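K.L.:
what's the 3D shape of this:
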Amino acid sequence: MDLTALHELGRDAWPTVELPADAFASYLADREPTPARAADLYIACACARGDAEAIGRFEAAYFDDVRAIVTRLAGDAAIADEALQQLREKLFVGGERARGITNYAGRGDLRGWFRVAATRVTLGMLRGRRKAEDVGALDTIAAADADPELAVMRQRYASEANQVLREAFAELTPRDRNLLRQHFVDGLGIDALGKLYNVHRATTARWLEKARAQLEKRVRALLVKRLGVTTATAESILALVRSELHITLSSAG
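P.N.:
Presented below is the predicted three-dimensional model:
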């Protein structure tokens, strides 16, 4: 479908939002426009340009949907309001290129993308409130293990294991990377993930298990190849990686 037709689809979906066709065409140049996402990209583009009408329509269409998610995560209405305000600022404040809404590329449903963005902002704010340290790497973990053998293994292989995990993680699909981060870093359980992706909890459980199995398989193979260790030793190193997965993935690419 040509850009004119996509523009018309977007305008039909958001009739009160005026967006020049040339501005929309420029916005789509680095994205993945399809008829199914034309309306989503249209409102995102208008919001990215700082259009007050577009931002108002976006909030009316999407903020009530995520408010329940944010309130459940925050556990407090006042904290939820603060998180939503932070979300507004990240999405709509700053120069056109700096506004967070520009990160929406049309690969999936805008509503689902917005739920993920809201979840990340809320959990990030809560971590900040708890003054949690972002350690970010296995080789910075204190080596005061109760098991001397485990302490030696951690000291010897922590740096390599961390690097291997990052490489293996980068090879996963975007959805698998998001699932693992949301589960291990953000602490979302199967039920919360199901609501976030709008699927049955059994589906997210299956997705999560598949992503974790693929990650561990690749880590195990890389450890054997890079370090020249036996499969049994690689499995022991993998156990270290697995035990600190939430820390490493917090800064993985």
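K.L.:
then stretch 162-175 to CSV, C-alphas only?
P.N.:
As requested, C-alpha coordinates have been extracted for stretch 162-175 and formatted as CSV (Å, rounded to 0.1, in the frame of the first residue of the first chain):
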residue,chain,number,x,y,z
ASN,A,162,28.8,-12.7,31.9
GLN,A,163,30.1,-11.9,28.4
VAL,A,164,28.8,-15.2,27.0
LEU,A,165,25.4,-14.6,28.5
ARG,A,166,25.3,-11.1,27.0
GLU,A,167,26.2,-12.5,23.5
ALA,A,168,23.7,-15.3,23.8
PHE,A,169,21.0,-13.0,25.0
ALA,A,170,21.6,-10.6,22.0
GLU,A,171,20.9,-13.5,19.6
LEU,A,172,17.4,-14.1,20.9
THR,A,173,14.3,-12.5,19.2
PRO,A,174,13.1,-9.1,20.6
ARG,A,175,10.1,-10.7,22.1
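K.L.:
what comes up buried for that stretch?
P.N.:
Buried residues in stretch 162-175, counting neighbours by 16 or more other C-beta atoms under 10 Å, are found at Asn162, Gln163, Val164, Leu165, Arg166, Ala168, Phe169, Leu172. From N, CA and C alone the C-beta is placed, and that goes for glycine too.
K.L.:
same question, stretch 175-184
P.N.:
The neighbour-count check on stretch 175-184 (16+ other C-beta under 10 Å) flags Asp176, Arg177, Asn178, Leu179, Leu180, Arg181, Gln182, His183, Phe184 as buried.
K.L.:
what strand or helix carries the second one?
P.N.:
Taking DSSP states H and E as the criterion, the element that holds Arg177 is helix 174-180.
K.L.:
tell me what that helix is packed against?
P.N.:
Where contact means 3 or more C-beta pairs under 8 Å, 6 or more residues apart in numbering; DSSP states H and E, helix 174-180 is packed against helix 148-170, helix 201-227.
K.L.:
can you name the next helix or strand after whichever strand or helix holds Tyr27?
P.N.:
Following DSSP H and E, one finds Tyr27 within helix 21-28. Counting by DSSP H and E, the next helix or strand C-terminal to helix 21-28 is helix 38-48.
K.L.:
packing partners for the helix or strand just after that following helix?
P.N.:
Beyond helix 38-48 in the direction of the C-terminus, DSSP H and E gives the next helix or strand as helix 52-74. Counting contacts by 3+ C-beta pairs under 8 Å, 6+ apart, helix 52-74 packs against helix 38-48, helix 77-92, helix 110-129, helix 190-197.
K.L.:
can you list contacts of the third one?
P.N.:
The one in question is helix 110-129. By C-beta atoms under 8 Å, 6 or more residues apart in numbering, the surrounding residues in contact with helix 110-129 are 37, 40, 43-44, 62, 65-66, 69-70, 73-74, 79-80, 82-84, 86-87, 90-91, 100, 103-104, 134, 178, 182, 186-188, 196-198.
K.L.:
stretch 47-62 too?
P.N.:
Residues lying outside stretch 47-62 but in contact with it, judged by C-beta under 8 Å, 6+ apart, are 14, 16-19, 23, 27, 43, 46, 88, 91-92, 96, 99, 101-102, 110-111, 114.
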